[in-house]
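A.B. asks: Next come a sequence and a model predicted from it.
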Amino acid sequence: MNRYAVWFSRVVWVGIVANCLMAIPTLVMPGPIMMLYALPLASPLMWPSFAALLLLLLSAFYVPAALHPLRYLSFSWLAVLARFAGVVFFCIFNRDYIQFGLFDLTFFIPEVALLILAVREMKAHPHLTKHDRLFRSFRRTRLGLVVVALLIVAFAGLLTYEQFFRQTPPPYFATAEEHFLYGSIGTEGTAGVPYWIWLVLPRVFPDKLPAPGGYASLGIVSQEGHELPVGFSKQRIGIDRVGINCAFCHTATYRKTSADKPTIVAAGPSNTTSPQDYLRFLFACADDPRFNGATIMAEIERNYQLSLLDQLTYRFALIPFTKLTLQYQERALYQYGWMRNLPPWGYGRIDPFNPVKYRVLNQPVDGSIGNSDMMPVWNLASHQGYALHWDGLNTTLQEVLISSAIGDGTPVEWVNTDFKKSDSESSLKRIRDFMLHVQPPPFPFPVDQQLVTKGKVIFDQQCAVCHAAGGARTGQVEPVENPMLNTDRHRIDMWTQASATAYNDYAKGYSWKFSHFDKQNGYVNVSLEGLWLRGPYLHNGSVPTIVDLLKDPADRPKVFYRGYDVLDPDGLGFVSTGDDAMHSGFRYDTQVAGNSNQGHLWGITLSADQKRALLEYLKTM
């Protein structure tokens, strides 16, 4: 019996099992696993997953060496050389991942020694290779074990596919507005939360929310007759998962009085929603010891009886991996760790492009502040040729739509598949078409028509060149150095030329690749449709009402509360002071970095009567 060959076989089998134990979790959840092993984060995370897949495929080539090392001697030497290549690559050329080199070294040393000794033994006693009783006795047993192992692997693979990867089409909504509010943009698979975990988190962790009311306490809007809040979508990918869509940031609500029910306006700016607080709620839950299988499953079972297989999947896979994923996103600097020491966004605001810079484009974390007011996305058919986003970083609606989805977590492969579909079947195209044609609602209070007439004359003289449809500078970028503009420049400085170049290179090879991202040095002169529903004003939402905007900057409110959705028809905006606004809103301090309310001096020298007339006309836009 060639005992060295026997031990070589055993070591190779152990190596195959070790490879699988390391590669399979990394294939499914690369970010959390890299964080668990304290490894540097690769970006995009597709590359660790791809490396894990290669490791699994490589392990398959080790099997002949494990079955009969001397019969398949060439496979045995290749298995040894593969381990040696890993040692050299990770210990010499890529020391950031030296753990993998040490892992390969652990198997390389015994494998090479045992194989050399086994070959010497074979040459010294050639009859052993022909009449090796151990291999002969157990050959059939080994073959049977291999067959059983392959069946187990096939069953496990089928089960894994069924529980984690098999996709069913997301719900198809009959109307374009419903699709905008609840349709999928592909975020569920990569950035979504398993449905039942997402559903019970507010019940398990009410202490992590700012007030009673579940997700509604974060300003998230719900509509009667719908399972999910506005801005959330659900798709079955193995199990049901919940992601966000465009409506999360682009759906407004308003009330005429505090006693009214909120009116939901699709494609308006989400004036009550706090995306950052939603993220921080998820992160706070994941950091709590109660985020465990026993606690969360007990709450799920209060609501619904899962199948035994789903119970096992949630308890032993989805709950721990969701916890790891959220902790990774919170702590990793290139995920959301960069937010820790920056000013908060608050209700109705978001930093839309720093997450893209760091998570998608792999740009250096530079401490920049991009906090911006939510924008409406209605009537975009009339905005053809306009610069888009607050700083005009792109002029193509399709690129803005796709890049916004990618920023929310949509994979490029999903975008590519979706854009190959017909206009009626493509989710993103339906959203695009809705935004092209949907109109803002009319001002819900009476207006003084005589003042409207007077105000139109003033608007045409003072404002139309920059803010009327067809105005000479409407939709164009106004340089921030213009002494009449001269407003807070943090949002401009956040977006860099390197980021624009990286985004233009990001989707090379796809028919919809980007080419129009650019770096500007100012803010867009926006058209004013639905102005009454767009407060607070300026790019950073630093001025609560139009009345305040027409004041000298020194006289504008320095502190107010935003996120309360009761309209202020006299000031043209939302109520931003008083107990109700304080209780429901976010305290906005204009002295905080990125929050300055200075600049935009147009209109401040008008007389009181002129301002009143102009204000009345602006209500009708």
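C.D. replies: Happy to help now that I have it.
A.B. asks: Let me see the contact set for residue 509.
C.D. replies: Residue 509 makes no contacts at all, as judged by Cβ atoms under 8 Å, 6 or more residues apart in numbering. The way it works is simple: take the backbone N, C-alpha and C, and place the C-beta from them, glycine included.
A.B. asks: Pull the distance from stretch 331-340 to the chain's centre.
C.D. replies: Shown here is stretch 331-340, whose average C-alpha point lies 13 Å from the average C-alpha point of the whole chain (Cα atoms, centre = their mean, to the nearest Å).
A.B. asks: And it, end to end?
C.D. replies: Separation of the first and last residues of stretch 331-340 by Cα to Cα, to the nearest Å is 9 Å.
A.B. asks: Can you mark which positions in that stretch are buried?
C.D. replies: Of the residues in stretch 331-340, those scored as buried under the neighbour-count criterion (16 or more other Cβ atoms under 10 Å) are 332, 334-336, 338-339.
A.B. asks: same question, stretch 548-565
C.D. replies: For stretch 548-565, a neighbour-count test (16+ other Cβ under 10 Å) marks 548-551, 553, 556-557, 560-565 as buried.
A.B. asks: Most widely separated two among these?
C.D. replies: Looking at the buried residues of stretch 548-565 by Cβ to Cβ, the two members farthest from one another are 553 and 565, with 26.1 Å of separation.
A.B. asks: quick check, residue 488 in a helix?
C.D. replies: No - counting by DSSP: H, G, I helix; E, B strand; the rest coil, residue 488 falls outside a helix, being coil.
A.B. asks: Can you list the neighbours in contact with the host helix or strand of residue 62?
C.D. replies: Secondary structure from DSSP states H and E places residue 62 in helix 46-67. Applying Cβ under 8 Å, 6+ apart, the set of residues contacting helix 46-67 from outside is 8-9, 12-13, 15-16, 19-20, 22-24, 26-28, 30, 33-34, 42, 72, 75-76, 78-79, 82, 142, 146.
A.B. asks: Sitting in helices, which of these do you find?
C.D. replies: When DSSP state H defines the helices, the subset of the contacts of helix 46-67 inside them is 8-9, 12-13, 15-16, 19-20, 22-24, 26-28, 30, 33-34, 75-76, 78-79, 82, 142, 146.
A.B. asks: And the buried ones among those residues, selectable in PyMOL?
C.D. replies: Buried subset of the ones in helices among the contacts of helix 46-67, written as a PyMOL selection, criterion 16+ other Cβ under 10 Å:
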select buried, resi 8+9+12+15+16+19+22+23+24+26+27+28+30+33+34+75+76+78+79+82
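A.B. asks: Do a quick rundown of the helices in the stretch 501-621 of the chain.
C.D. replies: For the stretch 501-621 of the chain, applying DSSP state H, counting those that start in this stretch gives helices covering 546-549, 579-584, 608-618.
A.B. asks: Can you give me the buried ones in the longest one?
C.D. replies: The one in question is helix 608-618. Neighbour-count burial for helix 608-618, counted by 16+ other Cβ under 10 Å, picks out 610-618.
A.B. asks: Identify, from these, the entry nearest to residue 503.
C.D. replies: Top of the list for closeness to residue 503, among these and by Cβ to Cβ, is residue 618 at 34.9 Å.
A.B. asks: Please parse the protein into its domains.
C.D. replies: In the assignment given by automatic domain parsing, the structural domains of the chain cover 3-165, 170-248+275-344, 361-621.
A.B. asks: Measure how buried residue 344 is and give me the count.
C.D. replies: Here the neighbour count serves as a burial measure; for residue 344 (other Cβ atoms under 10 Å) it reads 17.
A.B. asks: Give me the distance between the residue nearest to it when sequence neighbours are not counted and residue 228.
C.D. replies: Once its chain neighbours are removed from consideration, residue 344 has its nearest residue in residue 276; the separation is 6.3 Å (Cβ to Cβ, 6 or more residues apart in numbering). When distances are taken as Cβ to Cβ, to the nearest Å, residue 276 and residue 228 turn out to be 20 Å apart.
A.B. asks: ditto for residue 542
C.D. replies: Shown here: residue 542 relative to residue 228, a distance of 32 Å by Cβ to Cβ.
A.B. asks: And these two? Which one has more around it.
C.D. replies: It is residue 542, of residue 542 and residue 228, that has more neighbours when counted by other Cβ under 10 Å, with 32 against 18.
A.B. asks: From the rest of the structure, what touches stretch 246-260?
C.D. replies: 180-182, 185, 221, 230-232, 261-273, 275, 350, 352, 374-377, 404-405, 408, 431, 444-445, 533, 565-567, 574, 580.
A.B. asks: so residue 206 touches residue 217, yeah?
C.D. replies: No - assessed by Cβ atoms under 8 Å, residue 206 is found out of contact with residue 217, at 9.1 Å.
A.B. asks: Please identify which of these two sits among more neighbours.
C.D. replies: For residue 206 against residue 217, the residue with the higher neighbour count under other Cβ under 10 Å is residue 217, and the figures read 17 against 13.
A.B. asks: number of nearby residues for the residue nearest to that one when sequence neighbours are not counted?
C.D. replies: Counting by Cβ to Cβ, 6+ apart, the nearest residue to residue 217 once its immediate chain neighbours are dropped is residue 211, at 4.3 Å. If you count neighbours by other Cβ under 10 Å, residue 211 ends up with 11.
A.B. asks: ranges for the strands of the stretch 351-500 of the chain?
C.D. replies: Taking DSSP state E, counting those that start in this stretch as the criterion, the stretch 351-500 of the chain carries its strands at 372-373, 477-479.
A.B. asks: quick one on the thing from earlier: okay, the buried residues of stretch 331-340 in CSV with pLDDT next?
C.D. replies: Formatted as CSV, the entries for those read as follows, by pLDDT from 0 to 100:
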residue, pLDDT
332, 85
334, 86
335, 90
336, 93
338, 95
339, 95
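A.B. asks: The residues you listed into CSV, with extra columns for distance to residue 122?
C.D. replies: Listed next are the buried residues of stretch 331-340 as CSV, based on distance: Cβ to Cβ, whole Å:
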residue, distance to residue 122
332, 51
334, 52
335, 53
336, 58
338, 59
339, 62
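A.B. asks: closest to residue 422 among those?
C.D. replies: The nearest member of the buried residues of stretch 331-340 to residue 422, counting by Cβ to Cβ, is residue 335 at 35.4 Å.
A.B. asks: Where does residue 200 fall, secondary structure wise?
C.D. replies: Here residue 200 is covered by helix 195-204, with elements defined by DSSP H and E.
A.B. asks: before we move on, back to that, would JSON lines of the domains of the chain with distance to residue 255 be doable?
C.D. replies: As requested, these are arranged in JSON lines below (distance: least, Cβ to Cβ, whole Å):
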{"stretch": "domain 3-165", "distance to residue 255": "41"}
{"stretch": "domain 170-248+275-344", "distance to residue 255": "12"}
{"stretch": "domain 361-621", "distance to residue 255": "5"}
